[in-house]
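> Fold the following and give me the result.
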Amino acid sequence: MTGLQLALVGGALLGLGVALLLARLVPAHPDLRDTLDRLSPTPTRTPTDVAAAAAGSGAVLGQERLGVWALGAFPPAVWVRTPVRELAVLRIPVARFYGEKVLFALIGLTIPALLSGLFVLLGFRVPFGVPVAGTVLLAVGMFFLPDYNVRDDALKARAEFARALGAYVDLVALERNSGSGARQAMEVAADIGDSWVFRRLGEELARSRWSGQAPWEALHTLADELGLPELADLADIMRLSGEEGAQVYANLRARSASMRSAMLNAELTKANEIGERMSFPMSILGVIFLALLVTPALLRLLGGT
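Purely as a prediction, here's the structure:
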């Protein structure tokens, strides 16, 4: 590439940066309704809210169509293992998940080609095997990237579910202690909270009422679907209360206390792990400092010999 071409590319990039900076500084004319919505207090976005908000977007609909096409075009072995429970926790359809995997793989296929074209324009000669190997590796890596994202988000959602479930168990215990029936106690407790966990529990309880299913059976099915053993324990306790008329107030309070203790121990373990990781750089600095102190003496000793 000649000096004139480099100067043109540099000038274009500089002009683009100045234009973006000026566009950022230009006063905006915000919409009044949008401004008031942002100023008003809103609840925290949850997996249910994110899935519901994303369901109407064109990008998500395109991913679902791509996933439906991929389901029919590719053999089942291509997907290796589908995190069904994690998708159920996040309320993400399987077709959308497959579409996201295919989309990420396509992005991985195009990035090395674009970079190779850029290097050719700049005058660098790239061996043919480098972009080919990079394309394959990046496409495979990005194909499995949604699996990692889904598992990480589901892990956080399960932790949030466990924290909210501890409060829900206490509320159910208080309702049972005040004389409410098993179903009534569970439904009233679910109506008290406004988080996505309470709404999910309320939806399952309402569905069980209209289908004629016992509420503890509905919660047990939900626990098996989402992989939540804490919810299964609550369902077993409420089954004793509903079918055998047992007094479960003490059992519920003990269960909520054990859940809080388990969460506290998990937080302490996480804090200790973070503390250990923070002490490692200090140990490295100490070793380097000792090496700086000992090195001159060793050099003099070796030089004298």
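
> and the helix or strand containing V140, which residues are buried?
According to DSSP states H and E, V140 maps onto helix 129-143. Buried positions in helix 129-143, judged by neighbour count with 16 or more other C-beta atoms under 10 Å: 131, 134-135, 138-139, 142-143. The way it works is simple: take the backbone N, C-alpha and C, and place the C-beta from them, glycine included.

> could you dump those residues to JSON lines with pLDDT?
Formatted as JSON lines, the buried residues of helix 129-143 follow (pLDDT from 0 to 100):
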{"residue": "P131", "pLDDT": "74"}
{"residue": "G134", "pLDDT": "80"}
{"residue": "T135", "pLDDT": "83"}
{"residue": "L138", "pLDDT": "86"}
{"residue": "A139", "pLDDT": "85"}
{"residue": "M142", "pLDDT": "87"}
{"residue": "F143", "pLDDT": "89"}
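
> of all the residues you listed, which two lie farthest apart?
Maximum pairwise distance among the buried residues of helix 129-143 (C-beta to C-beta): 17.9 Å, between P131 and F143.

> Does D194 fall in a helix, a strand, or a coil region?
coil (DSSP: H, G, I helix; E, B strand; the rest coil).

> do I92 as well
Under three-state DSSP, I92 comes out as coil.

> Y98 contacts L71, doesn't it?
Yes - assessed by C-beta atoms under 8 Å, Y98 is found in contact with L71 at 6.1 Å.

> quick one, which of those two is more surrounded?
Counted by other C-beta atoms under 10 Å, Y98 and L71 do not tie: Y98 has more neighbours, with 23 against 15.

> Quick check: the gap between that one and E86.
As judged by C-beta to C-beta, to the nearest Å, Y98 and E86 stand 14 Å apart.

> for L226, same thing?
9 Å.

> more neighbours, those two?
The neighbour comparison of L226 against E86 (other C-beta under 10 Å) goes to E86, with 22 against 19.

> shouldn't that one be in contact with V150?
Yes - contact criterion C-beta under 8 Å: E86 and V150 qualify, at 4.9 Å.

> in stretch 191-201, what's buried?
For stretch 191-201, a neighbour-count test (16+ other C-beta under 10 Å) marks 193, 195-201 as buried.

> roughly how far out does that stretch sit from the chain middle?
20 Å (C-alpha atoms, centre = their mean, to the nearest Å).

> any idea of the mean pLDDT in the lengthiest helix in the chain?
For the chain, the longest helix by residue count, based on DSSP state H, is helix 249-304. On average, the pLDDT along helix 249-304 is 81.

> could you say what helices and strands it packs with?
The elements that helix 249-304 packs onto, with contact taken as 3 or more C-beta pairs under 8 Å, 6 or more residues apart in numbering; DSSP states H and E, are helix 145-177, helix 229-244.

> how about a cut-off of 6 Å?
helix 145-177 (3 or more C-beta pairs under 6 Å, 6 or more residues apart in numbering; DSSP states H and E).

> Tell me the buried residues in the helix it packs on?
Neighbour-count burial for helix 145-177 flags 145-147, 150, 153-154, 157-158, 160-162, 164-176 (criterion: 16+ other C-beta under 10 Å).

> again, but for stretch 295-305
Neighbour counts over stretch 295-305 (16+ other C-beta under 10 Å) mark no residue as buried.

> And that stretch, how far out from the chain middle?
With C-alpha atoms, centre = their mean, you get 56 Å for stretch 295-305.

> do stretch 193-203 as well
19 Å.

> any weak-confidence spans in the stretch 51-200 of the chain?
51-59, 126 (pLDDT under 70).

> Which secondary structure elements does whichever strand or helix holds E64 sit against?
Using DSSP H and E, E64 sits in helix 58-73. Secondary-structure packing of helix 58-73 (3+ C-beta pairs under 6 Å, 6+ apart): helix 94-121.

> Just want the angle from the helix it packs on to helix 129-143.
Put simply, helix 94-121 runs at 160 degrees to helix 129-143, going by axes from the mean of the first three to the mean of the last three C-alpha atoms, to 10 degrees.

> Let me know the angle separating helix 94-121 from helix 145-177.
Counting by the same axes, to 10 degrees, helix 94-121 lies at 150 degrees to helix 145-177.

> From the contact counts, what lies against helix 94-121?
Against helix 94-121 (3+ C-beta pairs under 6 Å, 6+ apart) you get helix 58-73, helix 129-143, helix 145-177.

> contacting residues around the second one?
Taking contacts as C-beta atoms under 6 Å, 6 or more residues apart in numbering, the residues outside helix 129-143 that touch it are 101, 104-105, 108-109, 112, 116.

> quick one: which of the residues you listed has the most company?
That'd be K101 among these, by other C-beta under 10 Å, with 24 neighbours.
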